[in-house]
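Engineer: Provided below are the primary sequence and the corresponding predicted coordinates.
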Amino acid sequence: MDAIDPTPMLAPSSQLRGPGSVVPIIHDGEHWLLVRGDDGVARMVINRCPHRQMPLAEEPCSMGAELRCPWHFWTFELDGSLREAVTIDGPVAHPDRYALATREVAEHNGAIWAV
Ligand code: FES
């Protein structure tokens, strides 16, 4: 009997074409974004803005050099760290608290895999 690889494939690599490409997925009951970084590395960040919990993207697309929430325009680096967040009171304090949660992925054999 062959061993079963319990690591699920998340998406074909070809779906993340270039830096800023994103693919929304559901994994382990949570909404995530697969993101191709500036360095060419595939990452997975939570697809839920820390401001009001809205999705950052609902379809595969290219978001360019940053992940911009379409609701109130908080922006995140492609690795999920907060780039800029402004409220009516001004820039948010403690921006480290608002980074997007991440999960590790691996890319090989033409696909992106959960690890
Ligand atoms: S919900 Fe994302 S910036 Fe407000």
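Structural biologist: Good, I have the coordinates.

Engineer: Which residues of the protein lie near the ligand?
Structural biologist: Within the chain, the positions lying close to the ligand (C-beta under 6 Å from any ligand atom) are Cys49, His51, Arg52, Met54, Cys69, Trp71, His72, Trp74. Yep, even glycine has a C-beta here, placed from its N, CA and C like the rest.

Engineer: The last one contacts Met54, doesn't it?
Structural biologist: No. If you go by C-beta atoms under 8 Å, Trp74 and Met54 don't touch, sitting 9.9 Å apart.

Engineer: So if I had to pick from the two, which one is more boxed in?
Structural biologist: More neighbours surround Trp74 than the other of Trp74 and Met54, with 23 against 15 (other C-beta atoms under 10 Å).

Engineer: Check Gly90 and give its pLDDT.
Structural biologist: Looking at Gly90, its pLDDT stands at 88.

Engineer: what's the answer for Ala3, then?
Structural biologist: Looking at Ala3, its pLDDT is 57.

Engineer: go on, the one 10 residues further on?
Structural biologist: The predicted structure scores Ser13 at 97 on the pLDDT scale.

Engineer: Just give the number of residues close to Ala99.
Structural biologist: Other residues within reach of Ala99 by the criterion other C-beta under 10 Å amount to 16.

Engineer: list the contacts for it?
Structural biologist: The neighbours of Ala99, taking C-beta atoms under 8 Å, 6 or more residues apart in numbering as the test, are Pro50, Phe76, Gly80, Ser81, Leu82.

Engineer: at 6 Å what do you get?
Structural biologist: Applying C-beta atoms under 6 Å, 6 or more residues apart in numbering to Ala99 gives the contacts Gly80, Ser81, Leu82.

Engineer: re earlier: for the residues of the chain next to the ligand, pick the one with the most neighbours.
Structural biologist: Going by other C-beta under 10 Å, Trp74 tops those with 23 neighbours.

Engineer: That one - nearest residue in space that isn't next to it in sequence?
Structural biologist: Ala85 (4.2 Å; C-beta to C-beta, 6 or more residues apart in numbering).

Engineer: Next: Gln15.
Structural biologist: Val23 (4.9 Å).

Engineer: Name the SS class of the one you found, please.
Structural biologist: strand (DSSP: H, G, I helix; E, B strand; the rest coil).
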